[in-house]
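A.B. asks: Quick one, what's the 3D model for this:
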Amino acid sequence: MADEEIINLDDINYAVYKIGEWKNHYEINQIGLSREIPVTKNTITHIKFSMDEIRNSQFSLSDKTVNGFVAIAMQLNPKVQEMELDDVIELEENEYQNILSELDGLDVLSDDESIPLDGEEYLIYKLEKDCHVTTSTPANEFTQKFYEAELKKIEDALD
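C.D. replies: From the prediction side, this is the model:
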């Protein structure tokens, strides 16, 4: 019988989440719209880095320069499209601060621990660098099924 593949939680090549709900409600920040709650320090660091990259992207809307979260929300979210741009900018800032607070308050697993790759307790993504972008690929069947169901929800919401 083959040994079960185990990943160490300090491995920066994996992002590990549990399925859950954020404390706050979010309209703009895609991190807060997900039901994926990080359970490792490395995953939280990765999320913060990704948010900073999106927030550091600048776009011109009307007479203002906005960050990537605001620009994406204005393009894709009908609720946000009905709002005044200044209100959207303020909402994004509040959501960003709330997510940072939630991330900093999460109970995380110890870096010294390890988990089975094929378990069904955690969502596990393999992280790989592709040029300047980090891509995340579901690392097991449980995560793949969750990922596909979440993509279907997004597609249905956009139709």
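
A.B. asks: Select the helix or strand of this structure having the lowest average pLDDT value.
C.D. replies: helix 30-33 (a mean of 80; mean pLDDT, DSSP states H and E).

A.B. asks: what residue is smack in the middle of the chain?
C.D. replies: Centroid-nearest residue in the chain: I31, 3.7 Å away (criterion: Cα atoms, centre = their mean).

A.B. asks: residues in contact with that residue?
C.D. replies: I31 makes contacts with I47, S50, M51, I99, as judged by Cβ atoms under 8 Å, 6 or more residues apart in numbering. All C-beta atoms are positioned from the backbone trio N, CA, C, and that covers glycine.

A.B. asks: same question, E95
C.D. replies: By Cβ under 8 Å, 6+ apart, the residues touching E95 are N24, Y26, E27, I28, N29, G32, F69.

A.B. asks: Buried ones among those?
C.D. replies: The neighbour count (16 or more other Cβ atoms under 10 Å) marks Y26, I28, N29, G32, F69 as buried among the contacts of E95.

A.B. asks: Touching, the first one and M51? I think so.
C.D. replies: I take that to be Y26. No: assessed by Cβ atoms under 8 Å, Y26 is found out of contact with M51, at 11.9 Å.
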